[in-house]
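A.B. asks: quick one, structure for this:
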Amino acid sequence: MSENQKPTESRFILWRILEVLEKIFCIVPVVIMTVIVFAAVVCRYILRNPIGWSEEITLMCMTWCVFGAASYAFYHGINVGVTFLVDRIGGKHGAAIVQMVIHLATIVFFLVLLYTSSMTLMNVMGKYSTAAHIPLAVPYSALPVGCVMCILRLIEMMLDSLKSR
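C.D. replies: Residues are numbered from 1 along each chain as shown. Take a look at the predicted model:
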């Protein structure tokens, strides 16, 4: 278990809901992608009748999976992290302060990304994908949702860090 993980019973309900959402955004798109790619291969090479929209749906599912998995990776510590600065700071308190500043900077980054991705989402409203005729709001909404989930996870990590000090 990661140092950030706590037993489920003692966690705030929002964090438990977020964890369920993260798992859904990680698992469901991968299952859908697998089924669609398998069906596309069968249709193309066995039935000789390719599915034209399979690539679009697969890319949309991959987008949702990536942004759903980002906050899950933050919380469980399986993301790539550069700890050079934290490792160089001597003492427990100095490292904790640097870690807090890093969390705040990451939250600011995700807030800017949330704003810009929301503006992009507004620009694609009412437009549809070429092959599957799915509203482009579906794949484009993955980024704002992922940003909100990451921000919530970072806030939880900061609160956990403050509580443990």
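A.B. asks: please enumerate the helices of the chain.
C.D. replies: Per DSSP state H, the chain carries helices over the ranges 13-45, 54-76, 84-88, 92-124, 137-140, 142-164.
A.B. asks: return the set of buried residues in the shortest one.
C.D. replies: Residues of helix 137-140 classed as buried: 138, 139, 140 (neighbour count, 16 or more other CB atoms under 10 Å). (Each C-beta comes from the backbone N, C-alpha and C, glycine too.)
A.B. asks: which stretch among the helices of the chain comes nearest residue 130?
C.D. replies: Nearest to residue 130 among the helices of the chain is helix 54-76 (7.2 Å), distances taken as CB to CB.
A.B. asks: averaged pLDDT, stretch 106-125. What do you get?
C.D. replies: The average pLDDT within stretch 106-125 is 97.
A.B. asks: which residues touch the residue lying closest to residue 60 once chain neighbours are set aside?
C.D. replies: Spatially, and ignoring its direct neighbours in sequence, residue 60 is nearest to residue 139 (4.2 Å; CB to CB, 6 or more residues apart in numbering). By CB atoms under 8 Å, 6 or more residues apart in numbering, the residues touching residue 139 are 59, 60, 63, 64, 129.
A.B. asks: so what's the third one up against?
C.D. replies: This means residue 63. 139, 142, 143.
A.B. asks: try 10 Å
C.D. replies: 29, 138, 139, 140, 141, 142, 143, 146 (CB atoms under 10 Å, 6 or more residues apart in numbering).
A.B. asks: also the last one?
C.D. replies: Contacts here follow CB under 10 Å, 6+ apart; on that basis residue 129 touches 53, 56, 57, 59, 60, 135, 136, 138, 139.
A.B. asks: what residues of stretch 44-62 count as buried?
C.D. replies: Of the residues in stretch 44-62, 51, 54, 56, 57, 58, 60, 61 count as buried by neighbour count, 16+ other CB under 10 Å.
A.B. asks: repeat for stretch 69-83
C.D. replies: Those would be 69, 70, 71, 72, 73, 74, 75, for stretch 69-83 by 16+ other CB under 10 Å.
A.B. asks: state the mean pLDDT of that stretch.
C.D. replies: pLDDT averaged over stretch 69-83 gives 79.
A.B. asks: considering the helices of the chain, which stretch scores lowest in mean pLDDT?
C.D. replies: Per-stretch averages of pLDDT across the helices of the chain put helix 84-88 at the bottom, with a mean of 70.
A.B. asks: just give me the closest of the buried residues of helix 137-140 to residue 151.
C.D. replies: residue 140 (18.3 Å).
A.B. asks: so the closest one sits against residue 117, correct?
C.D. replies: Yes: proximity of residue 140 to residue 117 meets the contact threshold set by CB atoms under 10 Å, at 7.4 Å.
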